[in-house]
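1. using only what follows, build the 3D model:
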Amino acid sequence: MTETTISAPCGQLTGRIRDDAIQVFNIDYADAAPFAASAPVADGPQSGTQRCEPERELVLTVTAPAGPADASYPVLLWIHGGSYEFGHPSEPWTDATAFAQAGIITVSLGYRKGLEGFWRDSQTETYRAIDDLYLGLQWARRNAPAFGGDIDNITISGQSAGAALALTLAADERTRGQIQRTIAMSPAFSLLSGSRLRRTLAGIGVGRAPSTEVFSRADERRVARAQKLISASSPSDPAIGPRFDSFAPTLPTMVTATSEEFFSEPPVVAMDKLPMREWMARRYAKGHRGRGEFPTDAYAERPMGNVISDSAIRSYAVKVAERSVAAELDVWAAQFEPGEGLGYAPAGRTSGAPHCIEIARFFGMKEPNHPFHQVAVEFIREGTSHMPRYNDARKITTFAGADAQAVEGIAIDAWAAPRQLFGA
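-> Next up, the predicted model:
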């Protein structure tokens, strides 16, 4: 590993070269007072040789090919997930070195999380976190050329909460013409936003009229307590974050989900062993906007695992796909399924397909031979894919198994159950 310095419009950026990739960690791109609007930081030199500093949120990490700076590399913007409460742009398991080795620049964006990032006084305002990410996009457009980046070839991507944020930012009018396509993996939007969030905050004693001004004056411990309580009030869905209701796709999109998003969570496993599990699943669906016919056959073996996974993730994946088709936009869909080999999930190695299993396959570091990494590289470079489009008879590409043992296939309308129950 050797140090290197890049001369960029924002100033001298010192990072490291390792495995044919330049990495500059934790570059400050914006600053903000608590709950206030963010603004770009002043230009000046920055050193980014240390990977993770979780207390710093308004930072980004650049991973670029260690090649000529006058090249024309496509740019990938990555937004991490974490229920809108956790995560960091330089987490080791989202190391983008394999993308750099494939000739792609990755800019991993941090943003304010929790109530500070996702409170707004009215529905007409944008979330502070979205404004933060918009500034991160502007930083990338200004400075990526110093690493050899082509700012006319930008893909925005994310997983779980990060996928919802990527979709939201891509649909923001301010970004028109600045992003060319999106990759949304297991998108997770919030149900507890707007008036419901206000009622919840009032109910737990935050105040009858919570507002940005109230929060900005509040003690940090009180804000943290409020965040903890509202998270506890919504254990299976993000308690904060953007809603899907107003989402309108504008770009070609690749959207993915897993077939077992939350099947392995201990409470879900326990509920699916109860005699009244189907009754519980029906009740859960009604409480989570499940207005359609309950898919009894599709949910037969794991009714609670399916309904929780569908309400939290797959319903949004299919809605993104269906709305893209309605808008006459190209959309490609993929689903990760159990198979041979052991993949990487937060709980450890597994042959299953839990939430987050696709992250290692996307970045290609821990599972370098998984076909999805090459699918992502192709899409980021060219804006297209060898996978069939969802537009054609609701075809969904399936990836069963881990790394080189993964088997690629095609399923027709694999997301019929969430579409039937939760609508499109």
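2. which secondary structure element of this structure has the lowest mean pLDDT?
-> Lowest by mean pLDDT, DSSP states H and E among the helices and strands of the chain is helix 195-203, with a mean of 66.
3. which SSE is immediately downstream of that helix?
-> helix 212-217 (DSSP states H and E).
4. what residues of that next one count as buried?
-> Of all the residues in helix 212-217, those buried under the rule 16 or more other C-beta atoms under 10 Å are 212, 214-215. (Each C-beta comes from the backbone N, C-alpha and C, glycine too.)
5. next, the spatially most central residue of the chain: phi, psi?
-> In the chain, the centroid-proximal residue (C-alpha atoms, centre = their mean) is Gly162; its distance is 2.1 Å. Main-chain dihedrals, Gly162, degrees, to the nearest 10: phi -60, psi -30.
6. pretty sure Gln227 contacts Leu115?
-> Yes - using C-beta atoms under 8 Å, Gln227 makes contact with Leu115 at a distance of 5.4 Å.
7. more neighbours, the two?
-> Remark: of Gln227 and Leu115, Leu115 carries more neighbours, 25 against 21, as counted by other C-beta atoms under 10 Å.
8. my guess is the more buried one contacts Leu229. True?
-> No - using C-beta under 8 Å, Leu115 is not in contact with Leu229, being 10.8 Å away.
9. and for those two, which residues touch both?
-> Common neighbours of Leu115 and Leu229 (criterion: C-beta atoms under 8 Å, 6 or more residues apart in numbering): none identified.
10. what does the pLDDT read for Pro295?
-> Looking at Pro295, its pLDDT reads 98.
11. measure the nearest residue to it once chain neighbours are set aside to Val318 for me?
-> Spatial nearest neighbour of Pro295, excluding adjacent residues (C-beta to C-beta, 6 or more residues apart in numbering): Ala417 at 4.0 Å. Per C-beta to C-beta, to the nearest Å, Ala417 is found 9 Å from Val318.
12. neighbour count winner among the two?
-> Using other C-beta under 10 Å as the criterion, Ala417 and Val318 rank with Val318 on top: 28 against 23.
13. for the spatially closest residue to the more buried one that is not a sequence neighbour, what are its contacts?
-> In space, and not counting its chain neighbours, Val318 is closest to Trp415: 4.0 Å by C-beta to C-beta, 6+ apart. Shown in contact with Trp415 (C-beta under 8 Å, 6+ apart): 257, 314, 317-318, 321, 333, 335, 394, 396.
14. and those, which of them are buried?
-> Burial by neighbour count, judged by 16+ other C-beta under 10 Å, picks out 257, 314, 317-318, 321, 333, 335, 394, 396 from the contacts of Trp415.
15. what is the nearest of the contacts of Trp415 to Ala285?
-> Ala285 has its nearest neighbour among those in Arg314, at 12.8 Å by C-beta to C-beta.
16. mind listing what the closest one touches?
-> Contacts here follow C-beta under 8 Å, 6+ apart; on that basis Arg314 touches 257, 261, 415, 417-418.
17. of those residues, which belong to strands?
-> Ala257 (DSSP state E).
18. out of the contacts of Arg314, which comes closest to Ser385?
-> Ala257 (16.4 Å).
19. just the helices in the protein please.
-> For the chain, the helices defined by DSSP state H cover 97-101, 114-118, 128-143, 161-171, 195-203, 212-217, 220-232, 266-271, 277-287, 303-309, 315-326, 357-363, 371-382, 416-422.
20. can you list contacts of the second one?
-> Just to be clear, that refers to helix 114-118. Under C-beta under 8 Å, 6+ apart, the answer for helix 114-118 is 34-35, 57, 84-85, 111, 127-129, 132, 190, 193, 215, 223-224, 226-227, 230, 240-242.
21. if we go to 6 Å?
-> With contacts defined as C-beta atoms under 6 Å, 6 or more residues apart in numbering, helix 114-118 is touched by 35, 84-85, 111, 127-129, 223, 227, 240-241.
22. sheet partners, orientation included, of the top strand by length along the chain?
-> Criterion DSSP E: the longest strand present in the chain is strand 149-159. Paired neighbours of strand 149-159 in the sheet (DSSP bridges): strand 73-79 (parallel), strand 181-185 (parallel).
23. measure how the first one sits relative to helix 161-171, angle-wise.
-> Which is strand 73-79. 120 degrees (axes from the mean of the first three to the mean of the last three C-alpha atoms, to 10 degrees).
24. tell me the mean pLDDT over strand 73-79?
-> 99.
25. thinking again about what came up before, from the contacts of Trp415, which is closest to Gly148?
-> Nearest to Gly148 among the contacts of Trp415: Ala333, at 31.7 Å, using C-beta to C-beta.
26. any weak-confidence spans in this protein?
-> Flagging of the chain using pLDDT under 70 yields the residue ranges 193-196, 198-209.
27. burial count for Phe86?
-> When neighbours are defined as other C-beta under 10 Å, Phe86 has 13 of them.
28. in JSON lines: the contacts of helix 114-118, plus distance to Ala170.
-> Shown next, in JSON lines, are the contacts of helix 114-118 (distance: C-beta to C-beta, whole Å):
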{"residue": "Phe35", "distance to Ala170": "25"}
{"residue": "Tyr84", "distance to Ala170": "17"}
{"residue": "Glu85", "distance to Ala170": "22"}
{"residue": "Tyr111", "distance to Ala170": "15"}
{"residue": "Tyr127", "distance to Ala170": "15"}
{"residue": "Arg128", "distance to Ala170": "18"}
{"residue": "Ala129", "distance to Ala170": "15"}
{"residue": "Val223", "distance to Ala170": "29"}
{"residue": "Gln227", "distance to Ala170": "27"}
{"residue": "Ile240", "distance to Ala170": "20"}
{"residue": "Gly241", "distance to Ala170": "16"}
